[in-house]
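# okay, structure incoming, though there's no sequence with it:
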């Protein structure tokens, strides 16, 4: 289950002695097990993934609201 998406993740030091590596195009998904990190080819690809996941999360939230309304109508009727 995905709870959220993070377009900005902290830059990790991969090699000792180097301050920071070249910034990678990464995003993360918040799950019950923690944040799962994904690396993309470029900034455009990353933004497409982030936008698509956010869109799916909005759709699920909207479906949940419609389902709640339908349940209340069925209980009343």
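Thanks, I have it. What you see is a predicted model, and the numbers here were worked out from it, not measured in a lab.
# every contact and neighbour count from this point should use C-alpha atoms.
Will do.
# what residues are up against the closest residue to residue 9 other than its chain neighbours?
Nearest non-adjacent residue to residue 9, counting by Cα to Cα, 6 or more residues apart in numbering: residue 27, 6.4 Å away. Neighbouring residues of residue 27 by Cα atoms under 8 Å, 6 or more residues apart in numbering: 5, 6, 7, 8, 9, 37, 38, 39, 46, 50.
# parallel or antiparallel, which strands does the helix or strand where residue 27 lies pair with?
According to DSSP states H and E, residue 27 maps onto strand 26-31. Note on strand 26-31: by DSSP bridges, its sheet partners are strand 2-6 (antiparallel), strand 34-39 (antiparallel).
# out of those, nearest to residue 63?
strand 2-6 (15.0 Å; Cα to Cα).
# and the closest one, average pLDDT?
Mean per-residue pLDDT for strand 2-6: 95.
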